[in-house]
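[1] curious how this folds, go ahead:
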Amino acid sequence: MAKRVTKKHPAPPSARRSPCPVACALDIFGDRWTLLIIRDLVLGKTRFKDFATSPEAIPTNVLSERLARLLAHDIVSQVSATEGSKHLAYCLTNKGRALMPVLKNIRDWGLAWEKGTQAKLEPGT
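    Residues are numbered from 1 along each chain as shown. Sure, this is the predicted structure:
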């Protein structure tokens, strides 16, 4: 089992646009990349290089910023990639796993309303 790495990350911004929970959630994962990173984590990707090779071709500087944001909001955590490895990997926290129904609903909406879409949201399917 991978060992959890405790590393200080910047605290999430305390200033919010409004107290609206939708606005607050969108401030964290409402851009064009963040839910795709979470999707990739659900599908079993764990390493920076794995996220960078997704078909959507997220720029590495954007990927770094989004991973830092997810870490700061405790949606992902960093772990050692393998026992004794110095390489880091990412995994969803309980808070991050709580986004899975949101992802599944977005997937289902896309399948129902966007012709030509295909889904693979479960590992191994």
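[2] burial of the residue nearest to residue 100 when sequence neighbours are not counted, as a residue count?
    On the basis of C-beta to C-beta, 6 or more residues apart in numbering, the spatially nearest residue to residue 100 that is not a chain neighbour turns out to be residue 42, at 6.2 Å. Heads up, the C-betas are built off the backbone N, CA and C, glycines and all. A count of nearby residues for residue 42, using other C-beta atoms under 10 Å, gives 19.
[3] try residue 62
    Around residue 62 there are 14 residues (other C-beta under 10 Å).
[4] give me the element it is part of.
    Assigning secondary structure by DSSP states H and E places residue 62 in helix 60-72.
[5] tell me how far the residue nearest to residue 100 lies from residue 90.
    Between residue 42 and residue 90 the distance is 12 Å, computed by C-beta to C-beta, to the nearest Å.
[6] do residue 112 as well
    30 Å.
[7] distance between the helix holding residue 62 and the chain's centre?
    9 Å (C-alpha atoms, centre = their mean, to the nearest Å).
[8] for stretch 52-68, same thing?
    10 Å.
[9] what's in contact with it?
    By C-beta atoms under 8 Å, 6 or more residues apart in numbering, the residues outside stretch 52-68 that reach it are 9-10, 31, 33-34, 36-37, 40, 45, 48, 51, 76, 90.
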